[in-house]
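K.L.:
pasting the sequence and the predicted model now:
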Amino acid sequence: MITIRPSAERGHVKFDWLNTKHTFSFGSYYDPKYMGFGDLLVINEDKIAPGKGFGTHGHQDMEIVTYVIEGELEHKDSIGNGETISRGEVQRMSAGTGIRHSEFNHSSQKEVHLLQIWIVPAQKNLEPSYEQKIFSEEEKKGKLCLLVSPEGKNNSLKIHQNVNVWSAILGENEKIAHSLANNDYAWIQLVKGELELNNQTINAGDGVAIKEEDLLTIKSNQEDSEFLLFHFVN
């Protein structure tokens, strides 16, 4: 079963420094039909103005993945990390027993465009931890590149949940396939471009909930269609 979550129907909040779209209920946006999908709780598409950002705030018992689409995001946290996350880099922060951090666009000219993703951990009260890695364009072109996994395999970031997160960038008419076991479920978030997923068309910003499918056939209708695939293993 494939259910499309159209981009235009997402929650939309705009401030003078932040333009954000919420796939699932978050903050002031509430829709009882969209309270997450399994252990995938949040996908926010944020555009942060130059010189602005989120001040220091706290999280607990959440796996937070940040995927930078364009620009650079400055991160500082209460466990001693101070990093800049650029296009091609992915951050995994396990909030565990509690962590405080800030996220800031330190550019004076360019906005930063990113996806922030929250995944419920398999275990509560973990020790807070942080990882960040670069995944090149070449690693994603024409194939699935593993970004996040429970074991941290193949140079991926380690997450405390039974999910593999992949990214791919497909050329026009390029096609890939991905198998799911009987009880697995998945989500695709299209960053840019246009795809055909099992013969259904999805556009930039769309999300797709996937259950009870054995095989995903993904074909790009445009050059450089970029997407994330979340595969939750039961």
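P.N.:
Received it, and whenever you're ready, just let me know what you need.
K.L.:
paired strands for the helix-or-strand element of the chain with minimal mean pLDDT, with orientation please.
P.N.:
Comparing every helix and strand of the chain by mean pLDDT, DSSP states H and E singles out strand 53-59 as the least confident one, with a mean of 84. Sheet pairing for strand 53-59, assigned by DSSP bridges, gives strand 99-104 (antiparallel).
K.L.:
how about the most centrally placed residue in the chain, phi and psi?
P.N.:
The C-alpha lying nearest the average C-alpha coordinate of the chain belongs to Ile117 (CA atoms, centre = their mean; 4.6 Å). Here the main-chain torsion angles of Ile117 (degrees, to the nearest 10) amount to phi -120, psi 130.
K.L.:
now it. Nearest residue, chain neighbours left out?
P.N.:
Setting aside the residues directly before and after it, Ile117 is nearest to Val65 in space (CB to CB, 6 or more residues apart in numbering), at 4.3 Å. Using the backbone N, CA and C atoms, a C-beta is placed for each residue, glycine as well.
K.L.:
could you count how many residues lie near His101?
P.N.:
The number of residues packed near His101 is 22, by other CB atoms under 10 Å.
K.L.:
just list the residues touching the nearest residue to it once chain neighbours are set aside, thanks.
P.N.:
Residue nearest to His101 in three dimensions, not counting chain neighbours: Asp77, with 3.8 Å by CB to CB, 6+ apart. The neighbours of Asp77, taking CB atoms under 8 Å, 6 or more residues apart in numbering as the test, are 93, 99-102, 130.
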